[in-house]
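Undergrad: this one's sequence-less:
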């Protein structure tokens, strides 16, 4: 899974396109998860959101 992405991930993340080509070349191969792990989501939390109570 690619964080925060749908089918458009192929346009914005180069490694996703590489995964697609690798699948076409060999559909039975096992994928690693390095592409998804390499994508960092820069979350923005509004200042008015309270921290959860413990």
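TA: Here it is on my side, so go on. Treat the numbers as computed from the prediction; the structure is a model and nothing was measured.

Undergrad: Same question for the lengthiest helix in the chain: list its buried residues.
TA: For the chain, the longest helix by residue count, based on DSSP state H, is helix 14-25. The neighbour-count check on helix 14-25 (16 or more other CB atoms under 10 Å) flags 15-16, 19 as buried. All C-beta atoms are positioned from the backbone trio N, CA, C, and that covers glycine.

Undergrad: How many residues are close by residue 8?
TA: 10 (other CB atoms under 10 Å).

Undergrad: Report all helices and strands that the helix or strand bottoming out on mean pLDDT in the chain contacts.
TA: Within the chain, no helix or strand scores below helix 9-12, which has a mean of 71 by mean pLDDT, DSSP states H and E. Judged by 3 or more CB pairs under 8 Å, 6 or more residues apart in numbering; DSSP states H and E, the packing partners of helix 9-12 are helix 14-25.

Undergrad: Quick one: list the elements packing against the helix it packs on.
TA: Against helix 14-25 (3+ CB pairs under 8 Å, 6+ apart) you get helix 9-12, helix 34-38.

Undergrad: what's in contact with the longest helix of the chain?
TA: 2, 5, 9-10, 29, 31, 34-35, 38-39 (CB atoms under 8 Å, 6 or more residues apart in numbering).

Undergrad: Just the pLDDT at residue 26, thanks.
TA: If you check residue 26, the pLDDT there is 90.

Undergrad: What's the local residue count around it?
TA: Using other CB under 10 Å, residue 26 has 8 neighbouring residues.

Undergrad: Report the separation between it and residue 34.
TA: As for residue 26, its distance to residue 34 is 17 Å (criterion: CB to CB, to the nearest Å).

Undergrad: so which of the helices and strands packed on helix 14-25 gets nearest residue 48?
TA: For residue 48, the closest of those is helix 9-12, at 29.3 Å, according to CB to CB.
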